[in-house]
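Trainee: Fold the following and give me the result.
(chains A and B)
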Amino acid sequence: MAEAPSADQELLRQLAKGNEAAFLGLYERYQGPLYRFVLHMSGNTATAEEVTQEVFMELMKKPRGYEPQKGSLAGYLFGIARNQARRTMQRSRLDEPIDDEKFDHESEAALASELDVLAELSNAELIESLRRAVLALPEQYREVVALCDLDEMSYADAAAVLECSPGTVASRLHRARAILKCKMAVKKTSWEKCAK
Amino acid sequence: MREIDPQSEARLTDGLRRLAAESPRSAPAEMGAELLGKFRRHHARRRLMRRGGTLALIGLVAFAVWMWRSPAQRHSGQDNYAKTPSGTTQEKPTVSPAPVVAHGQPQQPKALTPPRSLRAAASVANRAFLALPAYDPSMPKDDLQVVRVQLPASALWKIGAPVPADAGERRVMADFVVGQDGTAYAVRLVQ
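Mentor: Residues are numbered from 1 along each chain as shown, chains lettered A, B, ... in the order given. Modelled structure (predicted):
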């Protein structure tokens, strides 16, 4: 995801001195992943823009807020984005994930195996359905899907961002995928009911 | 819990990949330009504040140095003033020094301004005595002395001192040259 940490640190050092090229270098490197992460988390381009901007403003105003011994710059930036996104979503009350406890493990697995919804949906429908399903995931699952599946981050990098172990990331991702399949299955069932 | 169908898993992965591909790759370009503008303004402000701070610090240090040196210079100035050219120290000027002492006052360096009282005394000392009718040039000078008195202007006028006739009872300070018997031989106005 990111260049060598030392390169990031050098750019950050130059940024603190007011070097525009260093700022642009860091911006070009991280704006895309950060924007996409917040967009996948919030489903809202305005929120994604606002949060991405906030992250770089924070970096601009407090470049010494990043402590290299605590982790990578990417992890630091995603951490800010994550907190900002959480606050923004709480403020706008757009974040209404379904309750994870409502899912019954057996029914979830049964639905996922019995219905092959994904194969039957058109490309546009599939993407829209998946987008909604991802947005409806509880936050901790949405984060791992956004980072690992949609931003193609490694488990180790995602673990650094989320401040947990790679194992936790893997298990959350497994659970998130199961929920996604279940949601898609529920959707298919309701469609069939509507068609009848 | 049953195992999830691998085919279904692959399709979900494929679906997520497509969703990722459909998502915008980066933030809007205008956001970068806006942030760059903010970055420039932020650092311009910081530079300005840093320069202002530096100037303020220099000013503060200069003021502190001036304050520290100023009393020393004042003392040094007073010492210079009190010293005669030969280096002997005299008494500091008093409010009303005797004209005789003022006569012997050495010339001060130009840069130093003597107190007003001393300037006035020097001015008085430069004035000549006016001889009174009782003055006899042949009398011995050693018996004479200068006495400063304050008298009504009318009394001074009566003995021949140069005061206006209409000065009335206004009290005027004058130096008199008197003999041992108290006879006034000469006068000059002090005030």
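Trainee: use CA for all of it now, contacts and neighbours both
Mentor: Fine.
Trainee: from the chain's centre, how far out does stretch A:168-175 sit?
Mentor: Chain-centre distance of stretch A:168-175: 13 Å, with C-alpha atoms, centre = their mean, to the nearest Å.
Trainee: Go ahead and produce PDB holding the CA coordinates of that stretch.
Mentor: In PDB, the C-alpha atoms belonging to stretch A:168-175 read as follows (Å, rounded to 0.1, in the frame of the first residue of the first chain):
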ATOM      1  CA  THR A 168      -8.600 -10.900  14.100                       C
ATOM      2  CA  VAL A 169      -8.700  -9.200  10.700                       C
ATOM      3  CA  ALA A 170      -9.000 -12.700   9.100                       C
ATOM      4  CA  SER A 171     -11.800 -13.800  11.400                       C
ATOM      5  CA  ARG A 172     -13.700 -10.600  11.000                       C
ATOM      6  CA  LEU A 173     -13.400 -10.800   7.300                       C
ATOM      7  CA  HIS A 174     -14.600 -14.400   7.200                       C
ATOM      8  CA  ARG A 175     -17.600 -13.300   9.300                       C
END
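Trainee: May I see the buried residues of that stretch?
Mentor: Counting neighbours by 16 or more other C-alpha atoms under 10 Å in any protein chain shown, one finds that the buried residues in stretch A:168-175 are A:169-170, A:172-173.
Trainee: So is stretch B:32-43 next to chain A?
Mentor: Yes - remark: stretch B:32-43 sits within contact range of chain A at B:32, B:35-36, B:39-40, B:42-43, by C-alpha under 8 Å from any C-alpha of the partner chain.
Trainee: which of those are buried?
Mentor: Neighbour-count burial (16+ other C-alpha under 10 Å) applied to the residues of stretch B:32-43 next to chain A gives B:32, B:35-36, B:39, B:42-43.
Trainee: okay if I get those as TSV plus pLDDT?
Mentor: Shown next, in TSV, are those (pLDDT from 0 to 100):
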residue	pLDDT
B:G32	88
B:L35	91
B:L36	90
B:F39	91
B:H42	88
B:H43	86
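Trainee: quick one: which of those residues sit in helices?
Mentor: Using DSSP state H, the subset of those located in helices is B:32, B:35-36, B:39, B:42-43.
Trainee: which two in those residues are spaced the farthest apart?
Mentor: By the measure C-alpha to C-alpha, B:G32 and B:H43 form the most distant pair in these, at 16.4 Å.
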